[in-house]
Structures are given as C-alpha cells and as structure tokens.
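Colleague: Quick one, structure for this:
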Amino acid sequence: MAVNTFVKDCDDPNPLIRALAVRTMGCIRVDKITEYLCEPLRKCLKDEDPYVRKTAAVSVAKLHDINATLVEEQGFLDSLRELLGDSNPMVVANAVAALTEINESSSTGKPLIEMDTATINKLLTALNECTEWGQIFILDNLSSFNPKDDREAQSICERITPRLAHANAAVVLSAVKVLMKYMEMMGQDTDFVTNISKKLSPPLVTLLSSEPEVQYVALRNINLIIQKRPDILKHEMKVFFVKYNDPIYIKLEKLDIMIRLTSQANIAQVLSELKEYSTEVDVDFVRKSVRAIGRCAIKVEQSAERCVSTLLDLIQTKVNYVVQEAVVVIKDIFRKYPNKYESIIGTLCENLDTLDEPEARASMIWIIGEYAERIDNADDLLESFLDNFNDENSQVQLQLLTAIVKLFLKRPTDTQELVQQVLSLATQDSENPDLRDRGFIYWRLLSTDPAAAKEVVLAEKPLIAEETDLLEPTLLDELICHIASLASVYHKPPTAFVEGKVGLKKMLPARAAGDTDSDQEVAGATIIPEPGSLIGDLLDMDIGGAAVPRGQGGAPAPDLLGGGLDQLLAGGPPEPTAAGGSNSLLGDIFGMGGSAHAGYVPPKQVWLSADKGKGLEISGTWSLRSNIIHMEMTFSNKAMQAMQGFGIQLNKNSFGLVASQPLNIPLLNAGQTLDI
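Modeller: Got it, this is the predicted structure:
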C-alpha cells in the first residue's frame, strides 16, 4: 500500500515530492521493494528538474548496496555515467559520489568512471559551482587520473589551485592531494612545480588556526607531505612552535614536525624552544622534548656539541624523568659520533643510582660496556646490576650480558669471574629464550675462539641514521594518495584497518623521464624499513653455518671458561660416538653431522613480496646437501618490465656464511619465474 503511494508520488508535479518519494523508496532496505523502485528511479534519473536528478543519482548507490545485480541489469550505471555530463554541477557531483561508492563495493575492481580528457573537463567545470562535499568527491576522482603529458597536468593544476583558498579544510586537503600527485609526474626542477610548492604553504599553515581536532588531522597530513617534499614548509618553522594551551596530542605532533624541518639555518631557534619545553609540567611532553634535542644532535652535526651541552644542563636539574630521557638520547649521540663526547661519561655515571626505567638502565649499561676501557670502575658498576639480575627487565638483562662480555674481552684478567657469573645466570637461571640463546652463543664463542668473539662482539658498529622514523618510500607514496582520509591520520594503508575490499591500491605515478629521485637526496637519511618489508636479518634465516673450530684430531677445542657449552647442556662431555664426532651445537640441532643425506628441506617462504620489492618477489629456503649449505631461491618478476643487474651479499654473520658464487641471472623478463 505504502509502496504504491511512493510510486504515484514519483509522478507528482511538485519536484520536491518526486525527489522525496524516490529518496524514501531507496532508504527502505527490503529486497521485495526494489523491483517497484526500478521504473520510478529510471524516470527520475531523466527528470527535467536537477534536484530530482541529483537525488535519484544517490538512490542508485543505495539500490546497488541492496541488489547490485539488479542495478547492472537495469542499466542504471550507464544512466549515472550520462549524468557526468549534466548541465547542473550538483547533479554531476552526486553522480561522481554514487559511482565512487559503487566502485568501492564492486567485486570486479574495475573503475566505473572512464577518466578521459572529456570527462575531466566536465568535472573541472562542475568543480567551481557545486557544494564543498561535491568538490571533495570530484577532487578525489581527479586524483586517480593520470594526465598524458606535463601540459595537461599543468592545466589541471591551474584549475584546481583556487580550491586551496576554500574555507573547508577537507576541500583544501583534497586539492593538496591532487597537486602532490601531479607534481610527482612533472620534472622536479621546473618553475611550475616551484610555484605550486610555494602556493601549498599558506593553506597548510592556515589549517593550523582551526580547532584542535582539525589541527591534528592537518598536522598528520603535513607530516606526510614534508617527508615527501620538505621544501614546502621549510620557512614556516615558527607556526609549529607549541602554544601553552595546545592539547597534548597537538603538542607531540608539532614536536615531530619541528624535528623534520630542523636544519642548520634554524637549529638555534629550535634548540631554544626545546630547552624551554623541557621545563614544562606535562611529563610525556617533556620526555619527547628531551628526545627531540637528541634527534637534533644526530640530524644536524654542526649543532651536536650545543645539543650535548643542553642535555648536560638538563641532567643537572636532577629531575628524574628528564635525566633518564637524557641518558637514552646521549647513548644515540655516542652511536652517531663515536669517540667525540666521551668526556661526559663521568657526569652520567654520577646519576647511575637514579635510573629506574628499563630503557634508561639499558642505555647506561651500553655506554659502560662500550667505553669500559675508559671507565676505571666499569666492573664494579656492572656488577652492581647483577645483584638483581633475575628481577631486571629483559632489555636490561640482554644489554648487561653483552656489556659484561665486552668488558671481559677488553680486560680479561680481572673480569673472568664476572663473565662466568653472568653467563651462568643467563643460561641456567633465566627462562627468557632470547637471553639463554645469546648466553649460549657468547659462551660458545668465548670457549672455542676468543679472537673470533672479539671480532663479533667488538666489531665496529654502523652509524645510526639521521631519521629512523621515516616511512618506507613505497608506503609514503601510497599514503600521499590517501591524503585527507583516515589512512593519512593513522599513517597506515587502508588495508591495515578496513576489513573487506577497499578498492584499487593507489600509488604515485612514475616521475618524468630523466628526473632524479631528489626527495631521497633531500631526506639524506638511511630509511629504516617496516618490519617484514625486506628479507630481514640474515641471521634469522641461517639454520646452519661453518663448523666450529676443533682441536687436533677432531677433539673438542679447550674451554677457556672452564666448562664447555655441550657439558652445560648435556651434563657432561659429548660421547665420542656422536654423529660425525662434531661438538658443534648448531650441527647437533640441525642434523649437520657426518651424514651426507640432505635431510628435511623446509618449504620455500616469501622473503621479499612483490609490493615491497617493486614487482620483484623472492621466495627461498635453506638445504644441506653433501655437508654444504645451499640457499634455494625463486625469483618472480611481477612488474611490467624486465629486470637485470642482480647481485647477492650476505651480512657478516656469526656462522661465517658467505656466497660461494655470484648470482647468475642475466635478465628476468616481465612475468618470468626463475629457480636458483
């Protein structure tokens, strides 16, 4: 009865009644009603009144959500595409919104809007006259269009640029997203790109005058933008200075952006601000401010001495949490500038008793172990931590174990009892498998070849990167395409927090030919990849290694610590009849004795996925054949072009594994798979 009334109302002479009737029928989510909706909806899509047409366009998306097959069979998608050329901008905007929503829920994943030059011109014409939410839908669709050349990209950018002055923050960020994508396609040194960069700065700064919630969203997006193009806001440092009444989440985000924009030109100004922040009452903010001073020292080498001096001043305040954070960042400064600021170690040791947080204690232990030869009472300091070894955090236990082994290798005569004590605690009394394993490895190294132990434990450490929290480049490119969405706030791709289908994966286009990867040069930092984004630490994959040195005639090497690892594990010396006569623990575990059979070969696992390897997928496993370790790999080229110039290098590892021969892959064509 009610349905018949709605159907009749769709023919009412009043356009408002017609629009309300078709809107109401679309909101009734009952399958049986959908068949009655088709004919009135078809009429309303071709109605003479634009208000009825724009309402009908949204109703198509609602109907598709109820019965997708019916929408496709009745030809409503074609009707929506026709509305893209409508004379009324609101109708165009609603048609774009409906097609976008249908496309995201479509099972085919095929774009429903044919983004050609004619369609783009229609959308750009409607852009200036439709409502702000209509503009957002149109701009989002423009961001998925790839212009055929620089001239077309520049033309679109010029017509979008006025949206940067819009009062709605969502419209501004959507326009920024389109411009960021198109700038990536054009040559990086062109005057046009430089001018666009200058125009992007004022609207982003203006967003920081909004209410705190909008500020936070803007700051999260700005964080992404300056990782890609730091030059856009390099002269706007002052707008990111913290205000006394900013909420804590705004303060922390501003602090992060300040560090990213820090350079030699503004470091004095930034350090002055950070020192002021370190006297605030908010503990979390103070902690991050102290860490920020350390990051400044690592990023701007010329200011390192000034930063260290500032940190020492903060330590003198004797505020517990300030001292602890300062110790943590000074450890990082030592890693970045070895043998340069060791004169402050005495000051740090004076505050040893006040450290009660695991990270601060672990950092202090690392400093003592690393510079044990310069600290006269290093053994006494480390021994004081052993009293409550079993009650310490695992981070502290691991660091203490390593530090005492370092001390033993540097001063073996008077620390043998100390190292035996910590190895015993780690291997016999601990229930932490990581700690036990590290203890076993150190014990085996020290008991068989102290020279090798010295090379491993006291090896020269790589300098830490200037920016260790930069997003991995491919992830950053994807997030730039999702500016003004939740993905840009979470700094995660949509697949990480949205269940089900989330549409096609968006990525920035390739840059113009001959252009260099200048943003990587600007960043000037080693990027720390996401967990799982690369093959990872080769030590995690090595399940065997070179034989451990033995004495003459195959007998076990003498144990310098008065008790071998095998005796510790088995309660006594190994039997002479053990397989292969090897005393190698790794050999025993993995069946790598004298037998020549291959044994179990684990199935290949994906070491490098195609999306992380830019189209190259590598799967592999390890096997043992004739007492020789083999790395078996499968290379798959899932990109659109051939790949060449392959090479392999194994990290220096405790098993002594090296590649016996170079990779022999002259060319890997698109779609080709090769077993090595």
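
Colleague: Let me know the helix or strand that L470 is in.
Modeller: Following DSSP states H and E, there is no helix or strand that holds L470.

Colleague: I figured I676 hits Q661, correct?
Modeller: No. Using Cβ atoms under 8 Å as the test, I676 is too far from Q661 to be in contact (10.6 Å). From N, CA and C alone the C-beta is placed, and that goes for glycine too.

Colleague: the more surrounded of the two?
Modeller: For I676 versus Q661, neighbours defined as other Cβ atoms under 10 Å are more numerous around I676 (14 against 6).

Colleague: Quick check: closest non-adjacent residue to the more buried one.
Modeller: Nearest residue to I676, sequence neighbours excluded (Cβ to Cβ, 6 or more residues apart in numbering): M633, at 4.7 Å.

Colleague: State the number of residues packed around that neighbour.
Modeller: M633: 18 surrounding residues under other Cβ under 10 Å.

Colleague: How about the one 4 residues further on?
Modeller: Other residues near N637 come to 21 when the count uses other Cβ under 10 Å.

Colleague: Report the beta-bridge partner residues of it.
Modeller: Counting by DSSP bridges, N637 forms beta bridges with L616.

Colleague: from now on call the first residue 59
Modeller: Noted, 59 is the first residue going forward, which turns the last one into N695.

Colleague: residue contacts, it?
Modeller: 673-674, 701, 726-731 (Cβ atoms under 8 Å, 6 or more residues apart in numbering).

Colleague: Include secondary structure and pLDDT when you put those residues into a markdown table, please.
Modeller: Output for the contacts of N695, formatted as a markdown table (DSSP: H, G, I helix; E, B strand; the rest coil; pLDDT from 0 to 100):
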| residue | secondary structure | pLDDT |
| --- | --- | --- |
| G673 | coil | 84 |
| L674 | strand | 89 |
| M701 | strand | 86 |
| L726 | strand | 85 |
| N727 | coil | 84 |
| A728 | coil | 82 |
| G729 | coil | 82 |
| Q730 | coil | 87 |
| T731 | strand | 89 |
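
Colleague: Under the pLDDT cut-off, which ranges of the stretch 409-558 of the chain? List them.
Modeller: Counting by pLDDT under 70, the stretch 409-558 of the chain shows low-confidence ranges at 524-527, 558.

Colleague: cool, and the chain?
Modeller: 59, 164-172, 245-247, 524-527, 558-565, 567-657.

Colleague: about what we covered before: name only those of the contacts of N695 that count as buried.
Modeller: Neighbour-count burial (16 or more other Cβ atoms under 10 Å) applied to the contacts of N695 gives 674, 701, 726.

Colleague: Going by distance to L277, which of these wins?
Modeller: Nearest to L277, judged by Cβ to Cβ, of the buried ones among the contacts of N695 is L674 at 35.4 Å.

Colleague: Surely that closest one touches W665?
Modeller: No. Using Cβ under 8 Å, L674 is not in contact with W665; the gap is 10.7 Å.

Colleague: tell me how far the ends of stretch 285-304 are from each other?
Modeller: Between the opening and closing residues of stretch 285-304 lies a distance of 24 Å (Cα to Cα, to the nearest Å).

Colleague: Which of the residues in that stretch are classified as buried?
Modeller: For stretch 285-304, burial by neighbour count (16+ other Cβ under 10 Å) applies to 285-287, 290-292, 294-295, 298, 300, 304.

Colleague: Go through the buried ones among the contacts of N695 and name the one nearest V348.
Modeller: Among the buried ones among the contacts of N695, L674 lies closest to V348 (Cβ to Cβ), at 41.7 Å.

Colleague: Okay, that closest one and F693: tell me how far apart.
Modeller: Computed with Cβ to Cβ, to the nearest Å, the distance linking L674 and F693 is 7 Å.

Colleague: Which neighbours do the two have in common?
Modeller: Listed as contacting both L674 and F693 by Cβ under 8 Å, 6+ apart are L726.

Colleague: picking that back up, same list (the contacts of N695) but as JSON lines, adding distance to I315.
Modeller: Shown next, in JSON lines, are the contacts of N695 (distance: Cβ to Cβ, whole Å):
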{"residue": "G673", "distance to I315": "33"}
{"residue": "L674", "distance to I315": "34"}
{"residue": "M701", "distance to I315": "37"}
{"residue": "L726", "distance to I315": "41"}
{"residue": "N727", "distance to I315": "44"}
{"residue": "A728", "distance to I315": "41"}
{"residue": "G729", "distance to I315": "43"}
{"residue": "Q730", "distance to I315": "44"}
{"residue": "T731", "distance to I315": "44"}
